[in-house]
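**Q** Here is the input, now give the coordinates:
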Amino acid sequence: MQRIISPSMLSADFGHLERDTQLIDRSEAQWIHIDVMDGVFVPNISFGFPVMKAIRKATGKLLDVHLMIVEPEKYVARFAEAGAGIVTFHYEATSDPRGCIELIRRAGARAGISIKPATPAEVLRELLPELDLVLVMSVEPGFGGQSFMPESVDKVKALRAMIDACGSSAVIEVDGGISARNSRLLFDAGAEALVAGSAVFGAPDPEAEIVTMLRS
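**A** Numbering: from 1, shown residues only. The predicted structure is shown next:
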């Protein structure tokens, strides 16, 4: 199975966003994770289209965009058109997940769904054949720097079994409290992509920390 690290720009230095984006661009990280928060679905507000476009200009790597917003169907196509390679919306934020998936695909991006810690993996069973990515939140969405929830490992294992059983090619991604201390545990459980924020940008050598996680 592949191993992907997707550093979260939410933990970057916003005063030096181009510098930090270029740092990740030089690193062995394959994706760049962008958290979009609306202050409604989650309490905080973060990046919008102008910041995402600035990041797009500073890197050639895939932009892994995670929408923590209500009514994602209004915006998924716009994020794809703005340069997102993957657009992930929350299962809990829409009554029409299939419609969101179709809008993302039509706009030329890969489609992902994220689930909160309290949402069981089972709710995604029927959608897995249509998805390119499933994002498991291993903390409550909306805040950086939280501690990893160990029970997320069982959710990853359950999703891995369901994906393998139905023949889906969906990548399992995990976000929240990720570091070199738990990266191998998650890769072994069946995850292929890990989002790491403070563990990367707070490290003395962010590029070395990414390599450590990839090779854990």
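
**Q** Show me where the chain dips below the pLDDT cut-off.
**A** For the chain, the stretches flagged by pLDDT under 70 are 143-145.

**Q** Show me where it has its helices.
**A** Taking DSSP state H, the helices of the chain run over residues 17-26, 49-58, 76-81, 97-106, 152-166, 183-189, 198-201, 206-214.

**Q** need these in TSV with distance to residue 131 and mean neighbour count, can you?
**A** (Glycine included, C-beta is placed from N, CA and C.) TSV is the format used below for these (distance: least, Cβ to Cβ, whole Å; neighbours: other Cβ atoms under 10 Å):
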stretch	distance to residue 131	mean neighbour count
helix 17-26	25	17
helix 49-58	22	15
helix 76-81	13	20
helix 97-106	7	19
helix 152-166	9	17
helix 183-189	18	19
helix 198-201	26	22
helix 206-214	24	19
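
**Q** As CSV, these with distance to residue 125 would be great.
**A** What follows is the helices of the chain, written out as CSV (distance: least, Cβ to Cβ, whole Å):
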stretch, distance to residue 125
helix 17-26, 34
helix 49-58, 31
helix 76-81, 22
helix 97-106, 12
helix 152-166, 6
helix 183-189, 18
helix 198-201, 31
helix 206-214, 29
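
**Q** so which of the ones you listed gets nearest residue 139?
**A** Between residue 139 and these, the tightest spacing by Cβ to Cβ is seen for helix 152-166, at 8.6 Å.

**Q** Out of the helices of the chain, which is closest to residue 115?
**A** Nearest of the helices of the chain (Cβ to Cβ): helix 152-166, 8.0 Å.

**Q** who touches the closest one?
**A** Residues from elsewhere that reach helix 152-166 (Cβ atoms under 8 Å, 6 or more residues apart in numbering): 115, 117, 120-122, 124-125, 128-129, 134, 136-138, 170, 172, 174, 176, 185-186, 189-191.

**Q** Please repeat the previous calculation with a cut-off of 10 Å.
**A** Residues from elsewhere that reach helix 152-166, judged by Cβ atoms under 10 Å, 6 or more residues apart in numbering: 1, 115, 117, 119-122, 124-126, 128-129, 131, 134, 136-139, 149, 168-178, 182, 185-192.

**Q** roughly how far is it from the heart of the chain?
**A** 17 Å (Cα atoms, centre = their mean, to the nearest Å).
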